[in-house]
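Asker: Everything below, folded, please.
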Amino acid sequence: MKTDLKYNHIAPQLLETLPQGAFLSVKAGDRINTMTIGWGSIGFIWNKPIIMVAVRPSRYTYDLIEQSLDFTVSVSSDQSFKDALALAGTKSGRDMDKFAAANITAEPGKTVDSPVVNSCGLIIEGKIVFKQAMNPEYLDASIQGKYYPDGDYHTLYFGEITAFYHNK
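Answerer: Predicted structure coming up:
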């Protein structure tokens with residue numbers, strides 16, 4: 001069952017749950033992949049509801065999202081996806097079909113080409129409206145040293161929220 005939501009009503013739940021892990025899924029051509037994210041933000045920019053996700057260029061998902069117009073974030077509200085999140089966060093889509101390996105099912109998004117994780121819970125679909133590679137020159141030294149010792153800086157993807165719903 002899919003229940004539509006207003007992004008600003010559910011944002012606190014998302015921000016509380018995101019650090020525990022969510023699936024970022026992307027489709028480019030006939031290739032799909034999902035990865036675990038624990039960082040992101042949600043807000044209102046350019047007169048639009050926006051979700052921002054961060055992807056390192058070293059990740060396989062980066063190759064796909066660079067060729068895509070959209071992405072999805074699937075957030076589980078319980079522990080039933082814990083093992084799948086662990087696999088999606090430690091294995092590469094270059095080497096395997098993570099949906100099959102994690103025993104999760106990709107289902108079509110409502111408004112985007114990228115898939116969502118079936119029966120996961122909270123779903124956010126985003127159309128990419130802006131992306132920006134991080135410039136280390138502008139990054140606080142304490143953050144740089146802690147999170148980027150190898151210089152693998154994120155690219156930030158800002159997606160206009162085109163759908164926000166539960167699919168459980």
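Asker: where do the strands sit along the chain?
Answerer: Along the chain, the stretches classed as strands by DSSP state E are 3-4, 22-28, 31-37, 41-45, 48-55, 70-76, 106-108, 115-117, 121-133, 155-166.
Asker: how about those strands in a markdown table, adding distance to Asp95?
Answerer: The way it works is simple: take the backbone N, C-alpha and C, and place the C-beta from them, glycine included. Output for the strands of the chain, formatted as a markdown table (distance: least, Cβ to Cβ, whole Å):
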| stretch | distance to Asp95 |
| --- | --- |
| strand 3-4 | 36 |
| strand 22-28 | 17 |
| strand 31-37 | 11 |
| strand 41-45 | 30 |
| strand 48-55 | 18 |
| strand 70-76 | 21 |
| strand 106-108 | 18 |
| strand 115-117 | 19 |
| strand 121-133 | 25 |
| strand 155-166 | 22 |
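Asker: Out of these, flag the one nearest Lys91.
Answerer: Lys91 lies closest, by Cβ to Cβ, to one member of these: strand 31-37, at 9.3 Å.
Asker: Pairing partners for the closest one, with directions?
Answerer: Note on strand 31-37: by DSSP bridges, its sheet partners are strand 22-28 (antiparallel).
Asker: quick one on the thing from earlier: of the strands of the chain, give the one that comes closest to Tyr148.
Answerer: Sorting those by Cβ to Cβ, the top spot, which is the nearest, belongs to strand 48-55 at 11.4 Å.
Asker: Can you mark which positions in the closest one are buried?
Answerer: The neighbour-count check on strand 48-55 (16 or more other Cβ atoms under 10 Å) flags Pro49, Ile50, Ile51, Met52, Val53, Ala54, Val55 as buried.
Asker: And for stretch 11-29?
Answerer: Using 16+ other Cβ under 10 Å as the test for burial, stretch 11-29 gives Ala11, Leu14, Thr17, Leu18, Gly21, Ala22, Phe23, Leu24, Ser25, Val26, Lys27, Ala28.
Asker: Go through those residues and name the one nearest His154.
Answerer: Checking the buried residues of stretch 11-29 one by one against His154 (Cβ to Cβ), the nearest turns out to be Leu24, at 11.9 Å.
Asker: Any idea what the closest one is bridged to?
Answerer: Beta bridges link Leu24 to Met35, Val73 when assigned by DSSP bridges.
Asker: now swap in the one 4 residues further on and tell me
Answerer: Using DSSP bridges, the bridge partners assigned to Ala28 are Arg31.
Asker: end to end, how far does stretch 143-163 reach?
Answerer: 32 Å (Cα to Cα, to the nearest Å).
Asker: With that, I have no additional questions.
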